[in-house]
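Colleague: here is a sequence with its predicted model. Questions after.
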Amino acid sequence: MNQLEQLKKMTTVVSDTGEFDAIKAYKPTDATTNPSLILAATGQPQYAPLVEEGIRYGKSKGKNLKEQTDLSLEKIFINFGLEILKIVPGRVSTEVDARLSFDVEGSIEKARHLISLYEKAGIDRKRILIKLASTWEGTVAAKQLEKEGIHCNMTLLFSLPQAIACAEAGATLISPFVGRILDWYKKNVKPEGYPPAEDPGVKSVTRIYNYFKKFGYKTVIMGASFRNKGEILELAGCDLLTIAPSLLEELKDSTEPVTRKLDPNKTDPTLQKMHMDEKTFRFLLNEDAMATDKLAEGIRKFSEDIVKLEKLIQSKL
């Protein structure tokens, strides 16, 4: 078996792309999208019909340019999700506007609307994960949404306190970022980089995994944002891993053995239980310069790409 086949025996593999051909090629269980991936896909001619249909929808339903833009953007995201769901047997993740990352009610309202669009298209909400930023406000929104049967994927997650807050809110899934943590440490601490086993992103996800399994949280962990194959192999056994097509190809091209590294029955005995209220969350996040920097940067980047998508839509309205 190649490494991708071996990995699938111990971890649910998710495709981190908005491109349908790549999803078909690697046969993942689930797929994730975000504004940056959708923006990249909209620049390719094969996806033009999905964009055009979304714009027609927005134009027909919106009363003014802002409403038309908002509705078009939502429908384009849904259109990509619907096409992906024709390919994968599992779930697709669709992201709430990053500009709502500190807006509890705005996030809840947007999530409900996205779910309603999927349901109008005949998709059961069980097949959708709504992506929210792992801010305190994001966890509060997730707690309410999960009560309504709207399952949440908590993204832009860089630290254990964020992970605990998401789990205590009852979020279905968290997406701790591996590669972006490595990026920060290479820029600020060790420019020459790290071997995979010492990669700070790998160590962060391993700690979160061990904490969740030790204390029995139901929230599952999906490692995300990989920079190299070594990071992926060091997290073999994680509940899920979302992987870009280029790295899926590397795994597919190798037949080297894959060893399980994360095991729910082998956790860290030194880990102590922490309760995460708002004051504790904000203080511990503030104490972690890397997590603070990368969370803020991630929200800015996704917000920038949303604005680019809006400008693209408005040029066509």
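Modeller: That came in fine, so what should we check first? Numbering: from 1, shown residues only.

Colleague: now the helices for the stretch 1-150 of the chain?
Modeller: According to DSSP state H, counting those that start in this stretch, the stretch 1-150 of the chain carries its helices in the segments 3-8, 20-26, 35-42, 48-61, 65-85, 104-120, 136-147.

Colleague: closest one to A163 among those?
Modeller: Across those, A163 has its closest neighbour in helix 136-147 (10.3 Å, CB to CB). Yep, even glycine has a C-beta here, placed from its N, CA and C like the rest.

Colleague: tell me the angle the closest one makes with helix 104-120.
Modeller: 40 degrees (axes from the mean of the first three to the mean of the last three CA atoms, to 10 degrees).

Colleague: what helices or strands is the helix or strand following helix 136-147 leaning on?
Modeller: Beyond helix 136-147 in the direction of the C-terminus, DSSP states H and E gives the next helix or strand as strand 152-157. Under the contact criterion of 3 or more CB pairs under 8 Å, 6 or more residues apart in numbering; DSSP states H and E, strand 152-157 touches strand 128-133, helix 136-147, helix 160-168, strand 173-176, helix 289-316.

Colleague: give me whichever of the ones you listed is most buried.
Modeller: strand 173-176 (a mean of 28; mean count of other CB atoms under 10 Å).

Colleague: what helices or strands is that one leaning on?
Modeller: Judged by 3+ CB pairs under 8 Å, 6+ apart, strand 173-176 is in contact with strand 152-157, helix 160-168, helix 200-214, strand 220-223.

Colleague: circling back: JSON lines for the helices of the stretch 1-150 of the chain, including distance to G237 and mean pLDDT?
Modeller: As requested, the helices of the stretch 1-150 of the chain are exported to JSON lines (distance: least, CB to CB, whole Å; pLDDT from 0 to 100):
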{"stretch": "helix 3-8", "distance to G237": "9", "mean pLDDT": "98"}
{"stretch": "helix 20-26", "distance to G237": "19", "mean pLDDT": "94"}
{"stretch": "helix 35-42", "distance to G237": "26", "mean pLDDT": "90"}
{"stretch": "helix 48-61", "distance to G237": "36", "mean pLDDT": "95"}
{"stretch": "helix 65-85", "distance to G237": "26", "mean pLDDT": "96"}
{"stretch": "helix 104-120", "distance to G237": "30", "mean pLDDT": "98"}
{"stretch": "helix 136-147", "distance to G237": "25", "mean pLDDT": "98"}
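
Colleague: how about TSV for those helices, with distance to W184 added?
Modeller: Listed next are the helices of the stretch 1-150 of the chain as TSV, based on distance: least, CB to CB, whole Å:
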stretch	distance to W184
helix 3-8	26
helix 20-26	27
helix 35-42	18
helix 48-61	34
helix 65-85	28
helix 104-120	26
helix 136-147	20
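
Colleague: which among the helices and strands packed on strand 173-176 is found nearest to I306?
Modeller: When those are compared by CB to CB, strand 152-157 sits nearest I306, at 13.9 Å.

Colleague: quick one: residues in contact with that closest one.
Modeller: For strand 152-157, contacts defined as CB atoms under 8 Å, 6 or more residues apart in numbering pick out 32, 34, 93, 95, 101, 111, 129-134, 138-139, 141-142, 145-146, 162-163, 166, 171-177, 222, 224, 294-295, 298-299, 302.

Colleague: now the lowest-mean-pLDDT helix or strand in the chain against helix 48-61, angle please.
Modeller: Lowest by mean pLDDT, DSSP states H and E among the helices and strands of the chain is helix 35-42, with a mean of 90. Angle of helix 35-42 versus helix 48-61, following the same axes, to 10 degrees, is 110 degrees.

Colleague: ok, residues contacting helix 35-42?
Modeller: Counting by CB under 8 Å, 6+ apart, 16-19, 47, 51, 76-77, 80, 95, 98, 301-302, 305-306, 308-309, 312 sit against helix 35-42.

Colleague: 7 Å instead, please
Modeller: Residues from elsewhere that reach helix 35-42 (CB atoms under 7 Å, 6 or more residues apart in numbering): 17-19, 47, 51, 76-77, 80, 95, 98, 301-302, 305-306, 308-309, 312.

Colleague: got the buried residues for that helix?
Modeller: Across helix 35-42, burial judged by 16 or more other CB atoms under 10 Å covers 35-39, 41-42.

Colleague: and what of stretch 71-91?
Modeller: The neighbour-count check on stretch 71-91 (16+ other CB under 10 Å) flags 71-85, 87-88, 91 as buried.
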